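Participant: sequence first, predicted coordinates after that:
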Amino acid sequence: MLAGTTPSSRDLKYPYMAKRLACMVISGAANADCLNILQPALLHQGTLIEMKEEFELLESTFRKAGFQEEITTYWYINVLARIRINAFRIELVASSYEDLLSSAAASVSCDSSVGNAVYMLPSFYNHDCDPNAHIVWLQNADAKLKALRDIEEGEELCICYIDASMDADARQKILADGFGFECRCLRCLSGD
Ligand SMILES: C[S@@+](CC[C@H](N)C(=O)[O-])C[C@H]1O[C@@H](n2cnc3c(N)ncnc32)[C@H](O)[C@@H]1O
């Protein structure tokens, strides 16, 4: 797991996590290729330019601090592209599992997460606007998978990446803008 407390601006979240990973790689605490197994986000040209500029700043900071150069622009962009669609917002559940989808929707809207992290196995769960499972955090940053209904043997486990209470157009827009895909789940295909 790659974790970090949330910086004040949500926009700073992903570069912040990438910088933490860079420090872990330089110190030998993590392998440089530890996120390579995860699917990367498709990045627009403007985003790539921003990331290159961020990396130049990071590189000059490391150089001033006397670190040998061990990471490259390519590495930095590769990491950010993976963090972008695989990071989870950690929201501790107060006391019960009741009404998990409402709780997830509330946490998305009020930005009350206690941090963000990338988890390897949960990163492989695809999205569904009518999910059969949900990731929860109880006392700490250990992610638990909770079934939301009975699940048939062989049925794919899917979680919802966003607030499922929104209408289909709003959901599609957020998934396209934030995750770079057109949702093809049954609920979206039915227009609900
Ligand atoms: C966190 S990854 C999920 C795991 C990924 N499918 C894999 O094989 O590693 C998120 C990516 O999976 C794909 N994906 C997930 N749910 C989807 C859905 N409902 N419709 C279309 N693509 C989806 C998209 O490419 C999205 O950017």
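Facilitator: Nice, thanks for sending it over.
Participant: when you work out contacts or count neighbours from here on, use the C-alpha atoms and nothing else.
Facilitator: Fine.
Participant: bridge partners for the most centrally placed residue in the chain, pull those for me.
Facilitator: Nearest to the geometric centre of the chain sits residue 87, at 1.8 Å (CA atoms, centre = their mean). In this entry, residue 87 is beta-bridged to residue 118, by DSSP bridges.
Participant: ok, now how distant is it from residue 60?
Facilitator: Remark: distance between residue 87 and residue 60 (CA to CA, to the nearest Å) = 26 Å.
Participant: before we move on, what about residue 159?
Facilitator: Relative to residue 60, residue 159 is positioned 40 Å away (CA to CA).
Participant: can you check residue 83 too?
Facilitator: In terms of CA to CA, residue 83 sits 22 Å off from residue 60.
Participant: get me the contact residues on the chain for the ligand.
Facilitator: Counting by CA under 6 Å from any ligand atom, the residues of the chain close to the ligand are 38-39, 41, 85-86, 123-128, 179-185.
Participant: the residue of the chain most remote from its centre in helix, strand or coil?
Facilitator: Within the chain, the residue lying farthest from the chain centre (CA atoms, centre = their mean) is residue 66, at 31.3 Å. For residue 66, the secondary structure call by DSSP: H, G, I helix; E, B strand; the rest coil comes out as coil.
Participant: now it: how far from residue 88?
Facilitator: Residue 66 is 33 Å from residue 88, by CA to CA.
Participant: for residue 20, same thing?
Facilitator: Between residue 20 and residue 88 the distance is 16 Å, computed by CA to CA.
Participant: neighbour-wise, which of those two wins?
Facilitator: Comparing residue 20 with residue 88 by other CA atoms under 10 Å, the one with more neighbours is residue 88, at 20 against 15.
Participant: hmm, that one is touching residue 118, no?
Facilitator: Yes: look at residue 88 against residue 118 with CA atoms under 8 Å: they come within range, at 6.1 Å.
Participant: give me the phi and psi angles of residue 191.
Facilitator: With angles defined as degrees, to the nearest 10, residue 191 sits at phi 80, psi 10.
Participant: burial count for it?
Facilitator: Residues lying near residue 191 (other CA under 10 Å) number 9.
Participant: again, but for residue 123
Facilitator: Around residue 123 there are 17 residues (other CA under 10 Å).
Participant: ok so it is a helix residue?
Facilitator: Yes: counting by three-state DSSP, residue 123 falls inside a helix.
Participant: on that earlier part again, compare residue 159 and residue 60 (neighbour count), which wins?
Facilitator: Between residue 159 and residue 60, residue 159 has the larger neighbour count (other CA under 10 Å), namely 22 against 13.
Participant: is it true that that one touches residue 136?
Facilitator: No: Residue 159 is beyond contact range of residue 136, at 10.9 Å (criterion: CA under 8 Å).
Participant: ok, residue 121 - contacts?
Facilitator: Residues near residue 121 by CA atoms under 8 Å, 6 or more residues apart in numbering: none.
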